[in-house]
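Colleague: Fold the following and give me the result.
(2 chains)
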Amino acid sequence: MSPSGTTPTGTAVAAAPAAARIVYRRPATLSDVSTHYCPGCGHGIIHRLLAEVLDELGLAGRTIAVAPVGCAVFAYDYLRLDFVEAPHGRAPAVATGIRRVRPDAFVLAYQGDGDLAAIGTAEIVHAASRGEAITDIFVNNGIYGMTGGQMAPTTLLGQRTTSTPTGRDARLAGYPLPITEMLALLPGVAYAARGSIADPGRIGKTKAMIRRACEVQAEGRGFAIVEVLSTCPVGWGMTPREAATYLADVVPATYPTGVILDRGKTASAARADR
Amino acid sequence: MTVGVASHPHLAAPAERVLMKGNEAIGEAAIQAGCDAYFGYPITPQAELLEWMARRMPELGRTFIQAESELAAINMALGASAAGARVLVSSSSPGMSLMAEAMSYMAGSEVPVLLVNVMRGGPGLGSIGPAQGDYFQATKGHGHGDYRVPVLAPASIAEAISLVADGFELAERYRTPVILLADGILGQAMEPVDGRFRTLPPRSDDWSLSGADGRAPRVVRSLHLRPEDLEAHNEHLQAKFREIADHEVRWVGEQLDDAELAIVAYGTAARVARTAIARAREVGLRVGLVRPVSLWPFPSAALERLAPNVRGFLVVELSAGQLVEDVRLAVEGRAPVFFHGRTGGMVPSPGEVLDALRRAYSLTAARSPDDALPDEADPVGLIEAAEWRRFLAGCRHVDRSDGSET
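Modeller: The predicted structure is shown next:
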């Protein structure tokens, strides 16, 4: 609207108000409470995307979800779903047990990068290798947030954390682990993608990835994982705005976003998605 | 493998006596009791149990997974049981150590499971021979935090079969993990069983996860970050443990009416003790047997009642002395508690136990520490004259080397 308030739209509104139309609302699966997450943290956005997708696909009522150890253990306070807590890193094994005895359930695991890519590497690799029909949302913020900002296997080279105070040095602490690409090598994996919550455009693409990862399970194709690059301003020692900029400009050099594998599509179509 | 036995899937019907290997009998008992899912990992001496389930569960349309580790197996069990299934997991000692983490989570979030430990020699990789060195781990240990789990110890394959169904019932009634504590001999031996397996009604509850359609979401959790909340949760758990301790003690007494000495032993050690007691009675020694079947809750009251009526107790174990601590706690100095044990996969012979009984008789006949046999006279070396000295000294601790009190 122009400052004068005389644009056609403004005039029309003043002359004959259109009936109010809700274009954006809280998904039914997202609880109407404030989260405990820090300002600028990505978990809230990712919870919302998940809630939107589960509601759109009508899956929430038959979902059994597994909460990780880490900041997102409280996902069950925000997502109105049946939940079980897993020990640190064991969510894919817990989800496997659910999967096998509840063939009609939609089985969801939500894990952080310390949980999935460090202590739980055996469980994620073998759940994926067995091709368990599980959808795993893997939130990668490159750090252990809950314990105070220590190095994760996904921490970028040179990135400062409380356990790499002079920056991650490959000679001492190895390299960032590209575990989603590693999992995409396994025949049991039906879908693998990496999204980001750096800006609205990437958030929209990430939602499409989560939706596809849920559809893949519903189609019985196998294991599906969406890695979501996210922020931890407190752990990174940044303001929320700085963290968003870092996520948009720095992180993708190590972790490119896009669909890595979609066995439901042709190989060429999957490549075109990238 | 005892082929042909449970390849007839109608063992629930009365059958003639059949010969079954312990590991396979435990697996079949779980199947007949209505086990929905089994998760395991190969380890000697329980591998036949995993193999039995690998064959039987799929043919019944039930869940079997050979997991990538014991860690994964027990966490699969956590998920399956949280989703309402009746779940069996089995392993042997080193694998049980790996399951310790999830045991704590399952106790904390009150998720039932029946866990079979076919014990082998330890510590570390130890040996694949039979042992009872995991008594502490089973009754007081595994994971972190304040919790207990019921531990059932069979002394025969037939008893193992009945304790499998009992174990599922306990697990589901009290929402708790339950351990069936066997050893390499019970797992590997074959014994005649009568082929009658108990079948339980399907599991039902009002807390497990099925999807929140049409009801409020359910959360199975052990995290309670507010101290007030966690303390309240712990009080709830402790009340449950007291209820189990009040109602679920199991033990068997044999030939105790006229006994001057009582052997306390469970599992395979109790079998050896039984033979030794028969020989002792042939030579006029009046010996009876107290056989704990529930190792937790422990039959403390029974031992406390018995203590004034016997000259002493002899604890026999396939360990360096673990059960003996609970016996001493129960007896509280009312009678001397001697110990004889072997480790490493070695099993005490009935002759050894008879020698230990003779020595216990000799010690308890002595009026003072000086009259007691010197340690060198102990043919096995594991019965402590020091225990008798302690008892005579009125439970004051007496140093072994110079007799001075400490």
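Colleague: Do a quick rundown of the helices in the stretch 51-200 of chain A.
Modeller: Under the criterion DSSP state H, counting those that start in this stretch, the stretch 51-200 of chain A contains helices at A:75-78, A:91-101, A:113-114, A:121-129, A:170-173, A:179-183, A:200-218.
Colleague: Tell me which residues are up against the third one.
Modeller: I take that to be helix A:113-114. With contacts defined as Cβ atoms under 8 Å, 6 or more residues apart in numbering or on different chains, helix A:113-114 is touched by A:70, A:88, A:138-144, A:152-154. Every residue, glycine included, has its C-beta placed from N, CA and C.
Colleague: and it, how far from the chain's centre?
Modeller: Centroid separation for helix A:113-114 versus its chain: 12 Å, with Cα atoms, centre = their mean, to the nearest Å.
Colleague: Repeat that for the fourth one.
Modeller: Helix A:121-129 sits 18 Å away from the centroid of its parent chain (Cα atoms, centre = their mean).
Colleague: To what extent is the residue in the stretch 101-250 of chain B positioned nearest to chain A buried, counted in neighbours?
Modeller: In the stretch 101-250 of chain B, the residue that lies nearest chain A is B:Asp213 (3.0 Å; Cβ to the nearest Cβ). For B:Asp213, the neighbour count with other Cβ atoms under 10 Å in any protein chain shown is 10.
Colleague: Distance check, the closest residue to it other than its chain neighbours against A:Thr96.
Modeller: Closest residue in space to B:Asp213, ignoring its immediate chain neighbours: A:Gly61 at 3.0 Å, by Cβ to Cβ, 6 or more residues apart in numbering or on different chains. Distance, A:Gly61 to A:Thr96, using Cβ to Cβ, to the nearest Å: 22 Å.
Colleague: Of those two, which one has the most company?
Modeller: Legend: neighbour count by other Cβ under 10 Å for A:Gly61 and A:Thr96, higher for A:Thr96 (30 against 19).
Colleague: distance of the more buried one from chain B?
Modeller: Separation of A:Thr96 from chain B (Cβ to the nearest Cβ, to the nearest Å): 5 Å.
Colleague: quick one, what contacts A:Pro176?
Modeller: Contacts of A:Pro176 (Cβ under 8 Å, 6+ apart): A:142, A:153-157, A:168, A:254-255.
Colleague: run the last query once more with 7 Å
Modeller: The contact partners of A:Pro176, by Cβ atoms under 7 Å, 6 or more residues apart in numbering or on different chains, come to A:154-157, A:254.
Colleague: likewise A:Met151?
Modeller: Going by Cβ under 7 Å, 6+ apart, A:Met151 touches A:161, A:163-164, A:168, A:173.
Colleague: circling back: can you tell me which of the contacts of helix A:113-114 is nearest B:Leu115?
Modeller: Using Cβ to Cβ, A:His88 is the member of the contacts of helix A:113-114 that lies nearest B:Leu115, at 20.5 Å.
Colleague: Weed out the non-buried ones from the contacts of A:Met151.
Modeller: The neighbour-count criterion (16 or more other Cβ atoms under 10 Å in any protein chain shown) marks A:161, A:163-164, A:168, A:173 among these as buried.
Colleague: returning to that earlier point: now do the same contact list for the residue nearest to B:Asp213.
Modeller: Residues counted as contacts of A:Gly61 (Cβ under 7 Å, 6+ apart) are B:211-213.
Colleague: again, 10 Å this time
Modeller: By Cβ atoms under 10 Å, 6 or more residues apart in numbering or on different chains, the contact list for A:Gly61 reads A:29, A:54-55, A:80-82, A:106, B:210-215, B:217.
Colleague: Give me the distance between it and A:Ile98.
Modeller: Taking Cβ to Cβ, one finds A:Gly61 at 15 Å from A:Ile98.
Colleague: again, but for B:Val151
Modeller: B:Val151 is 27 Å from A:Ile98, by Cβ to Cβ.
Colleague: And B:Gly253, by the same measure?
Modeller: For B:Gly253, the distance to A:Ile98 - Cβ to Cβ - is 44 Å.
Colleague: If you count surrounding residues, which of these two has more?
Modeller: Between B:Gly253 and A:Ile98, A:Ile98 has the larger neighbour count (other Cβ under 10 Å), namely 30 against 15.
Colleague: residues in contact with that one?
Modeller: A:Ile98 is in contact with A:64-66, A:82, A:84, A:105, A:107-109, A:132, A:134, B:76, B:78-85, B:209-210, counting by Cβ under 10 Å, 6+ apart.
Colleague: If we use 7 Å, what do you get?
Modeller: By Cβ under 7 Å, 6+ apart, the neighbours of A:Ile98 are A:64, A:105, A:107, B:79-80, B:83.
Colleague: Contacts only, for the closest residue to B:Gln322 other than its chain neighbours.
Modeller: Counting by Cβ to Cβ, 6+ apart, the nearest residue to B:Gln322 once its immediate chain neighbours are dropped is B:Tyr135, at 3.8 Å. By Cβ under 7 Å, 6+ apart, the residues touching B:Tyr135 are B:295, B:319, B:322-323.
Colleague: if you look at the residues you listed, which of them are in helices?
Modeller: When the contacts of B:Tyr135 are checked against helices (DSSP state H), the matches are B:Leu323.
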